[in-house]
Each structure stands twice: as C-alpha cells, then as structure tokens.
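Chemist: Quick one: sequence and predicted model below, then my questions.
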Amino acid sequence: MAGPRLVYPTISTETAISLALAGHCKTCLDQPVRGVRRYLRDVVVTKKSSALFDSPGRPKGAVIREFSHQSRYRLLHTAKNCGVRFYSMATITYPRDFPRDGRLVKADLKKINQWFRDNFEGVRGIWFLEFQRRGAPHFHILLDIDLASYGPLVERRRRKLSKGAETYRTCLEMERGLAAAWFRIVGSGDERHLRAGVSWEVLEQEDAAIRYAAKHAAKPRQKEVPEQYENVGRFWGVIGGVKAEAFDEEIESMSTEQLLQEFGHEAISSKGRIKKYLWDVRNG
C-alpha cells in the first residue's frame, strides 16, 4: 500500500520541516541516524539503520532483465558528479542484420571501447544501451575527447525531420575512423552501414553530457528489451574508471530532523521516506 503523499502549501520552513518529519515518522515509525556523503553536485544518504527505511535491491549476481530505477539513478549520479568534462558523444548502431544475444553485443562494445583506449591515451567515458524501434541495440558513449583538437569541424545532417534536417558538428576524419573500426568489428559488409553506422558529435555546452544522461535515463520505451533479445546485461558502464567523486572528509551522521533542517522537506519522498539521492543540493 502506498504511503501518504506529502503536499505542502506556502508555509514557513519550520512548519514544512515539522510536517515532513511527522509524515516520515508515521510511515517509518522511527528516526534512524544516517550517513550523508557529499558529492560535486548532489548529496547521497549512504547509511540507513532501519530495515523499514531500506528498499530491496537486486541481489549480487542476479540476472539483469530491465533498466531499473536504481540503475538510472546511479547513471545520472555518476554523470553529474564524476568531475569529467565530456566534449563529445559517439552513437554506434548495427546494420540491418544484428545479434539478438546481449553477450555478443557487449563483446562488440568491449572491442570498440578498446579502440578508443588504443587511439586516445587515458580516455574516459560513460556508455549506455538503448534499443531502436526495429529492436536493434545501439550505444551512446560520452567521451572526454575534444574533436576540435584533431581537425576542423564540419556540420553533418543527422536525419530528416518534418521541419528540416537536424545537424551536428564533428571532425570528419575522426568520425570516419570510428565508422571504419565499428564496420570491421561487427563484420557488416554493408556499405550503407559504413556511411551511416556511427555519428560522433561535439557537445557544444559544458553540461550537455548531464542533460543527455538525464534524457536517456528517462526514455523508458528505448530501454524495453525486445522479446527475442536475450542476456541483455548491464544498461550502462564506464571507460577509464569514471566514478562519482565524494568529499570523504565531509561524511557525517544525521538524524532525520537534522537532515531536514539542512536540506529541506524535499529530502522526503511523496511516500514519506528519506530519499537516497538529494539532487543539486551540494553547497561549498
């Protein structure tokens, strides 16, 4: 049964905190002490002492069947708090014929990620998996590779739209090199795939990678595993050890009341529980 939905009118901060605290206690019956870890942009509640507070996660080693909410949150949290400036994003797709076994697909991904490592020393990135309407898997890969440093940038057309053509900027030589590598890896043999199997676009704005991660984490249709696709495996991963960087010296313990006083009643979910991820509240 869903817990009470907490709605607050325009009231004082003290009253809002009291209402949130009361709603939390009604739902969870206690006020467990929690560890709070601060990151570049976000705050994460890391230690929960009440079984009522905990939510069951996927057991270690369990078969992955879907892009879970927990996995989406971890993807967005990593992209926002890793401290890496992603300058470009590569998109790689399969030709008309494509594998329907995730183990084969991830083997291809491993090879193209190795290509990036071989050609760009110390490269860092985040990849995520989606499925096209035809059921084919494809990957987006955020990269800290600045294409502008490898040659002149040109404008390329992505696809036809009702109001014209969507375009992106890329270094043509670099994009063609990636296309040739992917063409060899998948053994395509289709010249159309060589021309259109990848795109490698410049991310024009500094926070574009975060917006892309948030956008793709929120597109459920492209995360639905096609019926005949098996062994899907992980929906996202990293290149070069990318991870959210914590400020370890600022780990502290907080009661529910203290947490609410610092971060406000929005730290409590609509079901009356303390959220694990407190987005964009990191200060100083």
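Modeler: Ah, there it is.

Chemist: okay, CA-based contacts and neighbour counts for the rest of this
Modeler: OK.

Chemist: My guess is Trp279 contacts Val45. True?
Modeler: No. Shown here, Trp279 and Val45 do not form a contact pair, counting by Cα atoms under 8 Å, at 11.2 Å.

Chemist: out of the two, which sits in the busier spot?
Modeler: Val45 (20 against 16; other Cα atoms under 10 Å).

Chemist: Please tell me how far the more buried one sits from Pro95.
Modeler: 43 Å (Cα to Cα, to the nearest Å).

Chemist: Export stretch 199-214 to PDB, keeping only CA atoms.
Modeler: Coordinates of the C-alpha atoms in stretch 199-214 are reproduced here as PDB (Å, rounded to 0.1, in the frame of the first residue of the first chain):
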ATOM      1  CA  SER A 199      27.900   9.500 -35.500                       C
ATOM      2  CA  TRP A 200      30.400  11.400 -33.300                       C
ATOM      3  CA  GLU A 201      29.100  14.800 -32.300                       C
ATOM      4  CA  VAL A 202      30.600  17.700 -30.500                       C
ATOM      5  CA  LEU A 203      28.800  18.500 -27.200                       C
ATOM      6  CA  GLU A 204      28.500  22.300 -27.500                       C
ATOM      7  CA  GLN A 205      27.700  23.100 -23.900                       C
ATOM      8  CA  GLU A 206      29.500  22.100 -20.800                       C
ATOM      9  CA  ASP A 207      26.500  20.500 -19.100                       C
ATOM     10  CA  ALA A 208      25.300  18.800 -22.300                       C
ATOM     11  CA  ALA A 209      26.500  15.300 -21.200                       C
ATOM     12  CA  ILE A 210      24.500  15.600 -18.000                       C
ATOM     13  CA  ARG A 211      21.400  16.600 -20.000                       C
ATOM     14  CA  TYR A 212      21.900  13.700 -22.400                       C
ATOM     15  CA  ALA A 213      22.300  11.200 -19.500                       C
ATOM     16  CA  ALA A 214      19.100  12.500 -17.900                       C
END
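
Chemist: can you give me how far that stretch is from the chain middle?
Modeler: Relative to the centre of its chain, stretch 199-214 is centred 12 Å away, using Cα atoms, centre = their mean, to the nearest Å.

Chemist: in the stretch 51-200 of the chain, what spans have low per-residue confidence?
Modeler: 51-64, 159-165 (pLDDT under 70).

Chemist: ranges for the helices of it?
Modeler: In the stretch 51-200 of the chain, the helices defined using DSSP state H, counting those that start in this stretch lie at 69-81, 102-119, 172-186, 191-196.

Chemist: The longest one versus helix 172-186: what angle between them?
Modeler: This points to helix 102-119. 140 degrees (axes from the mean of the first three to the mean of the last three Cα atoms, to 10 degrees).

Chemist: Which strands or helices does helix 102-119 pack on?
Modeler: helix 172-186 (3 or more Cα pairs under 8 Å, 6 or more residues apart in numbering; DSSP states H and E).

Chemist: repeat for the first one
Modeler: Helices and strands touching helix 69-81, by 3+ Cα pairs under 8 Å, 6+ apart, are helix 208-217.
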